[in-house]
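> starting from these lines, generate the structure:
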Amino acid sequence: MNDDAKRKQLRKYKAFATGLFVLMAVIFIITTILQKSHNSHWIGYVRSFAEAAMVGALADWFAVTALFRHPLGLPIPHTNLIENSKQRLGDNLGSFVVSNFLSPKNIRPYIQKLKISNFVGEWLAKEKNQHILVRNISDIVLDILNKLDDTAVSQFISKKVSEMTNDIKLNKVVGNGIGYILEKNDHQRIITNLSKQIKEYILENDEMIKDRVKKGSYSFIPSFVDNKIADKIADGLADFFKEIEENPQHEVRTLITQKIHEFSVDLKEDPKWDDEFKTIKNGLLKNDKLEAYSTDIWVSIKGTLMNELQEEQSSLKSYLTKNLNEFSQNLKTDESLQNKIDHWVRVTAYKYILKNTHQFGNLISTTVGNWQGKELSEKLELEVGKDLQFIRVNGTLVGGLVGLIIYTIAHFFI
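Just a heads-up that it's a prediction; the model follows:
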């Protein structure tokens, strides 16, 4: 029922209660006039009932009216109680709600029934909701990106990179990297590839080898002899690198592995390498260069993110949608995940409500206290006014009955 309907109902019952009072007043006037010209004993009973009913009606009208306003506009003490006591009423109402509705015993049964995971899983499983969520996330991130100060972000990246690289021992990083490659035996592929490339280069460039042999040969040695020697050299070198390529246990491989290992240890332990890499690092990461690198990195990252977030079917949005699908399925099927999430929600809600119960009380107290007195009176009268009008009706009838009883006792016994 809206406020207009409540006002209409209140007017109806006010009119009924007032009409009953007017009826008693009319009966009282008529019986008073009749008593002067007639001696019928029944007139006294009716007159006493009407007289007492008027008193009861007026008394209850005063009591009901005094709750919400000054009767007849007169500033009588202890009237207009709600407006004058609104702050105390708000405080008491807030304390009542906190004590009786937000106690641990009362809220625990409701908190234990909370089951958020299934609801969230079902909601996320709908394509429409996924689209809304991805779009809202995209809008929020885009708004953040547009509001960011590019210069400040670049300086932040530059500062953090500088702080991180100051403590990094690049010689040890490189040495450990080489050690890792040796441990995984990945360097063997490099040796195999390199041996193959050298072998093919020798076989493809035999003419160059012949020219080199001729240049270093004596003039009296015939050309065919030089060519023969050149062919032997080329074939020998090619066979040698072929052996390295095909034999995983070749001694050259072992020697290369040993030398690489020695180099990695030397990188980590020899102070000269620390100085060398510091020089390289300082040359590459000078403040002006570092700021330029940071600006380029940020511009690239920001541009990529904005493009991805603005496109309807971008790979980033597809990735988000895919993960939302997987998460919704897990929420619906993974009982362990459901229990963890629901337990977290229940504990968090329980702790938050208990921790902030006084805030709920303060909210009620402040809200009621901030209402205009007249507004508060009107609100309460609309809610309980109908029942209060029945108090007036009951006062009229009960008052009349009491007056009738008193008159009867006085007539027969006194």
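
> find me the pLDDT at I168, would you?
Listed pLDDT for I168 reads 65.

> again, but for I144
90.

> could you look up the SS state of it?
Taking DSSP: H, G, I helix; E, B strand; the rest coil as the rule, one finds I144 in the helix state.

> and it, how many neighbours?
Per other C-beta atoms under 10 Å, the neighbour tally for I144 reads 9. Glycine gets a C-beta too; all of them are placed from N, C-alpha and C.

> same question for F21.
F21: 20 neighbours (other C-beta under 10 Å).

> right, and it touches V55 too?
No: counting by C-beta atoms under 8 Å, F21 stays clear of V55, with 10.3 Å between them.

> low-confidence regions, the stretch 151-300 of the chain specifically.
Within the stretch 151-300 of the chain, the ranges that satisfy pLDDT under 70 run 162-168, 170, 213-226, 277-278, 280-289.

> can you do 80?
158-175, 202, 205-231, 234, 267, 270-271, 273-293 (pLDDT under 80).

> how about the helices of it, start to end?
Secondary structure of the stretch 151-300 of the chain (DSSP state H, counting those that start in this stretch): helices located at 170-183, 187-204, 206-216, 223-246, 251-269, 271-284, 287-310.

> give me the contacts around the fifth one.
Same thing as helix 251-269. Applying C-beta atoms under 8 Å, 6 or more residues apart in numbering, the contact partners of helix 251-269 are 171-172, 174-176, 178-179, 182, 187-188, 191, 244, 247, 273.

> reformat those as a markdown table; add neighbour count.
Formatted as a markdown table, the contacts of helix 251-269 follow (neighbours: other C-beta atoms under 10 Å):
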| residue | neighbour count |
| --- | --- |
| N171 | 23 |
| K172 | 16 |
| V174 | 16 |
| G175 | 21 |
| N176 | 14 |
| I178 | 18 |
| G179 | 16 |
| L182 | 16 |
| H187 | 17 |
| Q188 | 15 |
| I191 | 18 |
| I244 | 21 |
| N247 | 13 |
| W273 | 19 |
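
> how far away is the most centrally placed residue in the chain from L324?
What sits nearest the mean C-alpha location of the chain, by C-alpha atoms, centre = their mean, is I137, with 11.5 Å. From I137 across to L324, the span is 10 Å (C-beta to C-beta, to the nearest Å).

> then L10?
52 Å.

> then K340?
Counting by C-beta to C-beta, the gap from K340 to L324 is 19 Å.

> likewise for N92?
Relative to L324, and taking C-beta to C-beta, N92 is found at 48 Å.

> which of the two has more neighbours?
L324 (19 against 14).

> residues near I341, how many?
19.

> that one against L114, yeah?
No: applying C-beta under 8 Å as the test, I341 and L114 come out as separate, 10.4 Å apart.

> so which helix or strand takes in K322?
helix 315-333 (DSSP states H and E).

> please apply the same query to K12.
Counting by DSSP H and E, K12 is found in helix 3-37.

> packing partners for that helix?
If contacts are counted by 3 or more C-beta pairs under 8 Å, 6 or more residues apart in numbering; DSSP states H and E, helix 3-37 sits against helix 41-68, helix 373-413.

> ok now the shortest one, how far from the chain's centre?
Distance, stretch centre to chain centre, for helix 41-68: 62 Å (C-alpha atoms, centre = their mean, to the nearest Å).

> now the longest one
Chain-centre distance of helix 373-413: 55 Å, with C-alpha atoms, centre = their mean.

> and that helix, what does it pack against?
The elements that helix 373-413 packs onto, with contact taken as 3+ C-beta pairs under 8 Å, 6+ apart, are helix 3-37, helix 41-68, helix 81-84, helix 86-101.

> repeat that for the first one.
Counting contacts by 3+ C-beta pairs under 8 Å, 6+ apart, helix 41-68 packs against helix 3-37, helix 81-84, helix 373-413.

> output those helices in TSV, with distance to L237 and mean pLDDT appended to each entry.
TSV is the format used below for the helices and strands packed on helix 41-68 (distance: least, C-beta to C-beta, whole Å; pLDDT from 0 to 100):
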stretch	distance to L237	mean pLDDT
helix 3-37	103	85
helix 81-84	110	64
helix 373-413	104	77
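
> of those, give the one that comes closest to S158.
helix 373-413 (59.2 Å; C-beta to C-beta).

> tilt between that closest one and helix 3-37?
With axes from the mean of the first three to the mean of the last three C-alpha atoms, to 10 degrees applied, the angle from helix 373-413 to helix 3-37 works out at 30 degrees.

> can we start the residue count at 46 from this point?
Done: numbering now begins at 46, and the last item shifts to helix 418-458.

> can the helices and strands packed on helix 86-113 go into a markdown table with extra columns for distance to N407?
Output for the helices and strands packed on helix 86-113, formatted as a markdown table (distance: least, C-beta to C-beta, whole Å):
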| stretch | distance to N407 |
| --- | --- |
| helix 48-82 | 27 |
| helix 126-129 | 20 |
| helix 418-458 | 17 |
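
> compare those helices and give me the one nearest V142.
Comparing those by C-beta to C-beta, helix 418-458 comes nearest, at 15.9 Å.

> what is the neighbour count of D284?
Counted with other C-beta under 10 Å, D284 comes out at 12.

> enumerate every residue touching V198.
W343.

> ok so, going back, the helix holding K367 - what's its average pLDDT?
pLDDT averaged over helix 360-378 gives 87.

> what does stretch 105-122 give?
Here the average pLDDT along stretch 105-122 is 75.

> ends of it, how far apart?
Taking C-alpha to C-alpha, to the nearest Å, stretch 105-122 runs 17 Å from one end to the other.

> now the helices and strands packed on helix 418-458 in JSON lines, with distance to A279?
What follows is the helices and strands packed on helix 418-458, written out as JSON lines (distance: least, C-beta to C-beta, whole Å):
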{"stretch": "helix 48-82", "distance to A279": "106"}
{"stretch": "helix 86-113", "distance to A279": "116"}
{"stretch": "helix 126-129", "distance to A279": "113"}
{"stretch": "helix 131-146", "distance to A279": "97"}
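
> packed most tightly, which of the ones you listed would that be?
Scoring the helices and strands packed on helix 418-458 by mean neighbour count under mean count of other C-beta atoms under 10 Å gives helix 86-113 as the most buried, with a mean of 19.
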